[in-house]
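Trainee: I'll drop the sequence and a predicted model, then ask my questions.
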Amino acid sequence: MSILWKGLLRPAYRVYEEFLRREVLEGEIPKHIAIIMDGNRRFARKRGMKETMGHEFGSRKAEEVLRWCWELGIKMLTLYAFSTENFKRSEEEKRNIFNIFERELKRLLTDRETYEKEVRVKIVGRRDLLPEKILELVEKVEKATEGHEKYFLNIAVAYGGRQELIDAAKKIICKVIKGELMPMEIDERVIEKNLYYENELYAKVDIVIRSGGEQRLSNFLPWQTANSVVYFCDVFWPEFRKIDLLRAIREWQRRRACRRS
């Protein structure tokens, strides 16, 4: 699409975005949205850039989407940043991703908005797989924000959904062996208390959004997404727009209304 054509469409886009925003705010707002941020590398390739640059643009988009969620009153956002499968990627790409992650953790630790908005930051995943300097930053930002209860930002790093359930099962077995828990006491609530993050909001995802055109969940939050609305959009993650977020919420509202009728 030419720059001229984009310029002509921009006013119409703003009107449509505002229309969607007003429509969404008239209904119930989801408490927890989880996003599979797919398409960074394809975004870069399409523009003739190094693939690693796609992750830079993707990081900026994540910051933007977080602010959109605050504007709409969405309490919890979970971002799928790096899966256990991603460790199979090249050393250069992994190094680039962890450098971005280190920078973003430092930003969250020192950013005024983190404290003004009372954002609690939590990293979910296999911490034993993280580089030591990343793990130290993770512990610092979690400690600094542990008292915040207004908004919640979960970043899934070195995360695998099946592994989360395996790790939860291991913790439960240990409690049974120690006599801290009786087998007949094991129920959904016990499992949820032993996931990577013991939080009522974390245990249930309202909407899963996946950018990039792929229509699969890629082992992301399998327990938490059992009853979620799943919304796929074709745009690559760095191109994700506010209207894409608003459309996903509108679809969630529509389905909830249908179930209630």
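Mentor: Alright, I've got the coordinates. What you are looking at is a predicted structure, and each value in this text was computed from that prediction instead of being measured.

Trainee: contacts and neighbour counts: CA atoms only from here.
Mentor: Fine.

Trainee: helix/strand/coil for the residue nearest the centre of the chain?
Mentor: Residue closest to the average C-alpha location in the chain (CA atoms, centre = their mean): residue 79, at 1.7 Å. Look at residue 79: counting by DSSP: H, G, I helix; E, B strand; the rest coil, its state is strand.

Trainee: what's across from it in the sheet?
Mentor: residue 35, residue 155 (DSSP bridges).

Trainee: now do it against residue 63, distance only.
Mentor: Going from residue 79 to residue 63 by CA to CA, to the nearest Å gives 11 Å.

Trainee: which ones are touching residue 211?
Mentor: Each residue near residue 211 by CA atoms under 8 Å, 6 or more residues apart in numbering is listed here: 35, 36, 37, 38, 39, 232, 233, 234, 235, 236, 237, 240.

Trainee: just the element for the closest residue in space to residue 247 that isn't next to it in sequence, please.
Mentor: Distances taken as CA to CA, 6 or more residues apart in numbering place residue 20 nearest to residue 247, at 7.5 Å, with adjacent residues excluded. Residue 20 belongs to helix 3-25 when assigned by DSSP states H and E.

Trainee: what is that helix packed up against?
Mentor: Taking 3 or more CA pairs under 8 Å, 6 or more residues apart in numbering; DSSP states H and E as contact, the helices and strands that helix 3-25 lies on are helix 242-260.

Trainee: residues touching residue 60, list them.
Mentor: Residues near residue 60 by CA under 8 Å, 6+ apart: residue 238.

Trainee: which parts of the protein are strands?
Mentor: Under the criterion DSSP state E, the chain carries strands at the ranges 32-36, 76-83, 119-124, 151-159, 207-210, 229-232.

Trainee: tell me which of these lies nearest to residue 141.
Mentor: Nearest of these to residue 141, taken as CA to CA: strand 119-124 at 6.8 Å.

Trainee: name the helices or strands packed onto that closest one?
Mentor: Secondary-structure packing of strand 119-124 (3+ CA pairs under 8 Å, 6+ apart): helix 132-145, strand 151-159.

Trainee: which other residues reach it?
Mentor: Defining contact as CA under 8 Å, 6+ apart, one finds that strand 119-124 is touched by 114, 138, 141-142, 145-159, 196-197.

Trainee: which residues touch the helix-or-strand element of the chain with minimal mean pLDDT?
Mentor: One helix or strand of the chain scores below all others by mean pLDDT, DSSP states H and E: helix 3-25, with a mean of 83. Contacts to helix 3-25, defined as CA under 8 Å, 6+ apart, come from residues 72, 242, 243, 246, 247, 249, 250.
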